[in-house]
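**Student:** Predicted model follows, preceded by the sequence.
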Amino acid sequence: MTTGAAGPVRWKRIVFKPSGEALAGASGQGLDHATLDATALEIMELRQHLDVDVAVVVGGGNFWRGRTGSMTGMDATQSDHIGMLGTVMNALALQDALERHGQDTRVLSAIEMPRIAEPYIRRRAVRHLEKGRIVIFAAGTGNPFFTTDTAAALRAAEIEAEALIKGTHSGVDGVYTADPRTDATAQKYTEVDYLEVMTKGLKVMDATAIAFCRDNGIPIVVFDMSKRGSLRSILLGEQLGTIVHDV
């Protein structure tokens, strides 16, 4: 545990993984200005007041999901590439929101598009973080058939992040034994082991991302993004959501 401007923080460097739909507000489609603005302010709080290095991997589901195209007969690789471009749009929108509030930010894309983003280079990403910039990773891993969950786990390991924080958008505030929206008997975990998540098929992240975090000792915190101030509270040690780690 390290100390930030507001007191002790649990982790000095994190990867924050909001879903694309979380940036769309109630509609779940496109971008919602107020939600984008509020998310940017919460991320800035960690950097400017808690002295935490923050990298962001945002999904693209508010624009496109790879499986959506493949289910309608589109080539799966082509569909996944469309989804990667959706993450780039979200990354640029989040960058704009952060910089309008005065936070220096860099977008690093796994697919090279030099007119709008820097190419992803691990050492460059780490250097940006060391200079106090927020880094947004776009275009997933740059490869089809890998989700942005897996991209977040991979980037967390590469930049030596101490935790992966996943924000949900569905109103579910953590990991449950079943879907609490349809099963009144569902029980919430405050903490759960990686292996239990995989063997019981608990809906946290895809299995590849969970296994990657387990192999690299990266805890995952799952929480409800709609509750403002939650990111700060988690970093300051409050028990919110569910933590997935070695129990």
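**Tutor:** Received, thanks.

**Student:** quick one: contacts for residue 131?
**Tutor:** Taking Cβ atoms under 8 Å, 6 or more residues apart in numbering, we find residue 131 in contact with residue 104. In this view, the C-beta of every residue, glycine as well, is placed from N, C-alpha and C.

**Student:** measure it to residue 89 for me?
**Tutor:** Going from residue 131 to residue 89 by Cβ to Cβ, to the nearest Å gives 26 Å.

**Student:** can you check residue 125 too?
**Tutor:** As defined by Cβ to Cβ, residue 125 lies at a distance of 20 Å from residue 89.

**Student:** how about the strands of this protein, start to end?
**Tutor:** Secondary structure of the chain (DSSP state E): strands at 2-4, 7-9, 13-18, 53-57, 105-109, 118-119, 134-138, 163-168, 175-176, 188-189, 191-193, 220-224, 242-245.

**Student:** Turn those strands into JSON lines, columns for mean neighbour count and mean pLDDT.
**Tutor:** JSON lines is the format used below for the strands of the chain (neighbours: other Cβ atoms under 10 Å; pLDDT from 0 to 100):
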{"stretch": "strand 2-4", "mean neighbour count": "14", "mean pLDDT": "56"}
{"stretch": "strand 7-9", "mean neighbour count": "15", "mean pLDDT": "82"}
{"stretch": "strand 13-18", "mean neighbour count": "26", "mean pLDDT": "97"}
{"stretch": "strand 53-57", "mean neighbour count": "26", "mean pLDDT": "98"}
{"stretch": "strand 105-109", "mean neighbour count": "22", "mean pLDDT": "98"}
{"stretch": "strand 118-119", "mean neighbour count": "15", "mean pLDDT": "98"}
{"stretch": "strand 134-138", "mean neighbour count": "28", "mean pLDDT": "98"}
{"stretch": "strand 163-168", "mean neighbour count": "25", "mean pLDDT": "94"}
{"stretch": "strand 175-176", "mean neighbour count": "23", "mean pLDDT": "91"}
{"stretch": "strand 188-189", "mean neighbour count": "17", "mean pLDDT": "92"}
{"stretch": "strand 191-193", "mean neighbour count": "17", "mean pLDDT": "95"}
{"stretch": "strand 220-224", "mean neighbour count": "24", "mean pLDDT": "94"}
{"stretch": "strand 242-245", "mean neighbour count": "22", "mean pLDDT": "95"}
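
**Student:** Grab the nearest non-local neighbour of residue 91.
**Tutor:** Computed as Cβ to Cβ, 6 or more residues apart in numbering, the closest residue to residue 91 that is not its neighbour in sequence is residue 138, at 3.8 Å.

**Student:** I meant residue 232, not that one.
**Tutor:** residue 45 (5.4 Å).

**Student:** Quick check: that neighbour touching residue 231?
**Tutor:** Yes: checked against Cβ atoms under 8 Å, the pair residue 45 and residue 231 is within contact range at 7.1 Å.

**Student:** Which one's more surrounded, these two?
**Tutor:** residue 231 (26 against 17; other Cβ atoms under 10 Å).

**Student:** nearest spatial neighbour of that one, skipping sequence neighbours?
**Tutor:** Residue 231 sits nearest to residue 42 (Cβ to Cβ, 6+ apart), 4.9 Å away.

**Student:** The one you found and residue 17, how far apart?
**Tutor:** Residue 42 is 14 Å from residue 17, by Cβ to Cβ.

**Student:** Check residue 36 too.
**Tutor:** To residue 17, residue 36 is 16 Å away according to Cβ to Cβ.

**Student:** sorry, back to before: would you turn the strands of the chain into JSON lines with distance to residue 97?
**Tutor:** Shown next, in JSON lines, are those (distance: least, Cβ to Cβ, whole Å):
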{"stretch": "strand 2-4", "distance to residue 97": "22"}
{"stretch": "strand 7-9", "distance to residue 97": "23"}
{"stretch": "strand 13-18", "distance to residue 97": "12"}
{"stretch": "strand 53-57", "distance to residue 97": "11"}
{"stretch": "strand 105-109", "distance to residue 97": "9"}
{"stretch": "strand 118-119", "distance to residue 97": "18"}
{"stretch": "strand 134-138", "distance to residue 97": "11"}
{"stretch": "strand 163-168", "distance to residue 97": "15"}
{"stretch": "strand 175-176", "distance to residue 97": "29"}
{"stretch": "strand 188-189", "distance to residue 97": "31"}
{"stretch": "strand 191-193", "distance to residue 97": "32"}
{"stretch": "strand 220-224", "distance to residue 97": "20"}
{"stretch": "strand 242-245", "distance to residue 97": "28"}
